[in-house]
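>>> what would the 3D arrangement of this be:
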Amino acid sequence: SASDGRELELVEGGENVAVCWENRAAYRDAAVAFRLHEFDDHFQAICEGLDLVVPLTALAPFSWRDLELRVCGIATIDIDSMRERTHYGGHYTDTTPIIQHFWSVVHSFADSDRTLLVRFMCGRATLPPVHTSHLPFVIQPLHPQSTLSESDASRRSLQMGGEGAGPSSTMSSQ
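This is a model prediction of the structure:
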């Protein structure tokens, strides 16, 4: 039967031909040929639709893995890689206590929580491909009037606050 459950004849008159030891190789060959080409029409329609958006000749240099990476990004969220690609705004640096705590917490996340963080920061469930590292992640202080962390997916940025988040926290009183 086909993938959709339909019963099809693999050879002409196959409904009336029993599979036996003598014709097993012919049956196997016909079944394999059917499965190999069962979705040819579907695949052709996908290619024609894709070609309307991106010329197929432009995709020819890429393997399916390269293309998947460029379109879908990196499925496994490597926090160390993400940290290396992060820039800091305002007075934040990689050694600011709130940033150190942030990365400590993120390292403790389960994969599903890491996915949610990336979705919050980037608007997608996977890390953008490494070749887009010219577009870094950005973590910067939260605006003083805000109370909840915010993100801007188009800029891959996270604005967060906390103790010592504002520049006034380093000023001494008179």
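
>>> the strands in this protein, which residues?
86-88, 137-141, 150-152, 157-160 (DSSP state E).

>>> residues near Phe102, how many?
19 (other C-beta atoms under 10 Å). For every residue, glycine as well, the C-beta is placed using N, CA and C.

>>> for Asp111, see how far away it is.
Phe102 is 18 Å from Asp111, where distance means C-beta to C-beta, to the nearest Å.

>>> cool, and Leu117?
In terms of C-beta to C-beta, Leu117 sits 11 Å off from Asp111.

>>> show me what contacts Leu8?
Ser1, Ala2, Phe34 (C-beta atoms under 8 Å, 6 or more residues apart in numbering).

>>> just give me the neighbour total for Asn23.
So Asn23, with other C-beta under 10 Å, has 13 neighbours.

>>> check what pLDDT it gets.
We note a pLDDT of 93 for Asn23 in this prediction.

>>> quick one: contacts for it?
Per C-beta under 8 Å, 6+ apart, neighbours of Asn23: Val17.

>>> next one: phi and psi at it?
phi -110, psi 10 (degrees, to the nearest 10).

>>> and for Glu22?
The phi/psi pair for Glu22 (degrees, to the nearest 10) is phi -70, psi -30.

>>> count the residues that sit near it.
Neighbours of Glu22 (other C-beta under 10 Å): 7.

>>> how far away is it from Ala110?
Counting by C-beta to C-beta - Glu22 and Ala110 are separated by 57 Å.

>>> and Ser157, how many residues sit next to it?
19.

>>> who does it bridge with?
Note on Ser157: beta-bridge partners by DSSP bridges are Val138, Asp152.

>>> tell me the one of the contacts of Leu8 nearest Arg156?
Ala2 (44.6 Å; C-beta to C-beta).

>>> from His37, how far off is the closest one?
Taking C-beta to C-beta, one finds Ala2 at 11 Å from His37.

>>> compare the contacts of Leu8 and tell me which has the most neighbours.
Phe34 (13 neighbours).

>>> contact partners for it?
So Phe34 contacts Ala2, Leu8, Leu10 (C-beta under 8 Å, 6+ apart).

>>> pretty sure the first one is touching Glu38, no?
If I follow you right, that is Ala2. Yes. With contact defined as C-beta atoms under 8 Å, Ala2 and Glu38 form a contacting pair (6.4 Å).

>>> contacts for stretch 147-164?
Outside stretch 147-164, the residues touching it (C-beta under 8 Å, 6+ apart) are 89, 96-98, 101-102, 120-124, 128, 135-143, 146, 169-170.
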